[in-house]
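>>> sequence unavailable; structure follows:
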Ligand code: BG6
């Protein structure tokens, strides 16, 4: 590599999730997923993430009764189901070395409990992987990205029930058996830590179905089941697919002390330890002692079955992946000004600008995260989500998005610095390289893409794809393996 370039073979690409792009929510045998009941709420403040992601049993039942997609944008996505060839061709044109995508569990197992998979679902993903192979795009597959079968949520309260582990292991094994010849990189759970921020989206947990007063404990129990499932499928991937690499996936919520007052520093330290806990379990194979002490103090009891400790210890991950969008601060002052981030409400950092959704833009925080994670885990790292949600304007068929280019450029420069300082960063996939439906607000108008999709929040539009200015910019970054960043 020349000094200005990224390491040879660096995996540049983008990341999408089935529930936010595929659409085709009720055809070819797909069952309903938890994403299919997430509604677009035009009258709710877009910075109020909790109001967008919290869902009651009544709302779920209302959604099940409504078989249209009018208020449920994830049911239509960007119709990737019918556009995937065109979209993959655009990714290839940008020079993508990799694409991170997820498999919709309910497309393979409509209720989650079938013993054999839906053949049409299998056929759909095989076609995608074949096309990717033809285009030389390496797949990175997430097994669980906010799309568990709704029926498991309704009948079992999702991951709160240990029996769901078996359903997931069956699903994952079908993926390994059918897609293993195409897929080497696997991620188990997207942002496994997010279970605390939106238990329904992440784990199918419905408040009304959790024992009263034990809601928090229920979430931790479900998390434990996910940890065990993650270890079991890591074992199976390793057994079934030679050369496979399995990663964990964390929301990196970088937090700084607002001031150097020791209380701010202590609170920040604790926040960051809590944020690392999820990767700790998947990398070191055990719960950190201080987390166990904290759970005890809070009287939260996690039921562990015989053998769980060994399973966690024996089947740890091969690499670490994370999403990084923003950072935040922490303070001992209860009146410190707050601002929203990726499904969090953090203390506002006076040194950082924010997006229209209040997320604080912090490229340096990405470098700090890389150094911190590499130092802690000593395993290869991949950034599998990063980007900036923005409202784009179409002018005479063109989309000029200098703000997006500036965001990426600053983040890529920080990645390069971290690599030069010794961090083993092996890949980068931007979030939503093509516009897609927002996970948090179900908006279409919160756009992340290099490719514009002509659709609005209510689903109107041609669904035609257009290249933004950033498309050509990213293409150049990839073609020069990052050298263009210093030109
Ligand atoms: C990540 C999720 O947390 O953030 C993605 O893994 C999501 O699914 C992304 O889309 C951005 O969040 P939002 O709410 O802007 O779509």
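On my side now, so go ahead. Please read these numbers as outputs of a predicted model, since none were measured by experiment. Numbering: from 1, shown residues only.

>>> if I look at residue 90, how far off is residue 357?
Separation of residue 90 from residue 357 (C-beta to C-beta, to the nearest Å): 26 Å. All C-beta atoms are positioned from the backbone trio N, CA, C, and that covers glycine.

>>> what about these two, which has more around it?
Set residue 90 next to residue 357 and count neighbours by other C-beta atoms under 10 Å: residue 357 wins out with 22 against 19.

>>> what residue in the stretch 251-400 of the chain comes nearest to the ligand?
residue 389 (4.6 Å; C-beta to the nearest ligand atom).

>>> once you drop chain neighbours, what's closest to that residue?
If the residues on either side of it in the chain are set aside, residue 389 comes closest to residue 446, at 4.1 Å by C-beta to C-beta, 6 or more residues apart in numbering.

>>> ok, the one you found - contacts?
Contacts for residue 446 (C-beta atoms under 8 Å, 6 or more residues apart in numbering) come out as 46, 357, 389-391, 438.

>>> mind putting these into CSV with secondary structure and pLDDT?
CSV is the format used below for the contacts of residue 446 (DSSP: H, G, I helix; E, B strand; the rest coil; pLDDT from 0 to 100):
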residue, secondary structure, pLDDT
46, coil, 86
357, coil, 94
389, coil, 97
390, strand, 98
391, coil, 97
438, coil, 98
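
>>> looking at the residues you listed, spot the one nearest residue 183.
residue 438 (26.5 Å; C-beta to C-beta).

>>> for the ligand, see how far away that closest one is.
Between residue 438 and the ligand the computed distance is 4 Å (C-beta to the nearest ligand atom, to the nearest Å).

>>> and that residue, how many neighbours does it have?
24.

>>> quick one, phi/psi of it?
When read as degrees, to the nearest 10, the backbone of residue 438 gives phi -60, psi 140.

>>> wait, isn't it in contact with residue 387?
No - counting by C-beta atoms under 8 Å, residue 387 is not a contact partner of residue 438; they are 11.6 Å apart.

>>> one step back: show the pLDDT at the residue nearest to residue 389.
Predicted confidence (pLDDT) for residue 446: 97.

>>> what's near enough to touch the nearest residue to residue 218 once chain neighbours are set aside?
In this structure, residue 218 finds its nearest non-sequential neighbour in residue 210, 4.1 Å apart by C-beta to C-beta, 6+ apart. Counting by C-beta under 8 Å, 6+ apart, residue 210 touches 157, 160, 218.

>>> any chance of these in TSV, with neighbour count too?
Below are the contacts of residue 210 laid out as TSV (neighbours: other C-beta atoms under 10 Å):
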residue	neighbour count
157	23
160	25
218	22
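
>>> now, those residues that are in helices?
residue 218 (DSSP state H).

>>> so can I have CSV of the contacts of residue 210 showing distance to residue 31 and pLDDT?
Shown next, in CSV, are these (distance: C-beta to C-beta, whole Å; pLDDT from 0 to 100):
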residue, distance to residue 31, pLDDT
157, 18, 98
160, 20, 98
218, 24, 98
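
>>> can you redo the contacts of residue 210 as a markdown table with distance to residue 105?
A markdown table is the format used below for the contacts of residue 210 (distance: C-beta to C-beta, whole Å):
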| residue | distance to residue 105 |
| --- | --- |
| 157 | 17 |
| 160 | 17 |
| 218 | 21 |
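
>>> ok, now how distant is residue 135 from the ligand?
24 Å.

>>> any idea how many residues pack against that residue?
Residue 135 has 15 neighbours, counted by other C-beta under 10 Å.

>>> ok, now which ones touch it?
Residue 135 touches 88-89, 91-92, counting by C-beta under 8 Å, 6+ apart.

>>> having no further points to raise, I will conclude here.
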